[in-house]
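Novice: with the input below, show me the fold.
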Amino acid sequence: MTPTEFRAVLRGLGLSQRAFASRLGLDAHTVNRWAQGSVPVPRYAIYVLELLSERRELAEKLGA
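Specialist: From the prediction side, this is the model:
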């Protein structure tokens, strides 16, 4: 996942970098480094984003 894709997914989920970091129990600077491309986005973070996206899509389909 590129930094641009990472930022777009966060935006699509309505999450700030700080909020995502908080959900993962990480320092906001860690997530900022992923967003800037200083450090690659780890697979576990991509997996969490995929789960959050699926949950949101399901809620939208169910009208929640």
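
Novice: which strands or helices does the one helix or strand in the chain whose mean pLDDT sits lowest pack on?
Specialist: Among the helices and strands of the chain, helix 43-61 carries the lowest confidence by mean pLDDT, DSSP states H and E, at a mean of 86. If contacts are counted by 3 or more Cβ pairs under 8 Å, 6 or more residues apart in numbering; DSSP states H and E, helix 43-61 sits against helix 3-13, helix 17-24. For glycine as for every other residue, the C-beta is placed from the backbone atoms N, C-alpha and C.

Novice: so which of those is nearest Trp34?
Specialist: Closest of these to Trp34 is helix 3-13, at 5.8 Å (criterion: Cβ to Cβ).

Novice: that closest one to helix 17-24, inter-axis angle?
Specialist: For helix 3-13 against helix 17-24, the angle by axes from the mean of the first three to the mean of the last three Cα atoms, to 10 degrees is 80 degrees.

Novice: so what does helix 3-13 touch, helix or strand wise?
Specialist: helix 28-36, helix 43-61.

Novice: select, out of the ones you listed, the one closest to Met1.
Specialist: Across those, Met1 has its closest neighbour in helix 43-61 (5.3 Å, Cβ to Cβ).

Novice: can you tell me what sits against that closest one?
Specialist: For helix 43-61, the surrounding residues in contact (Cβ atoms under 8 Å, 6 or more residues apart in numbering) are Met1, Phe6, Val9, Leu10, Gly12, Leu13, Leu15, Phe20, Arg23, Leu24, Val31, Trp34.
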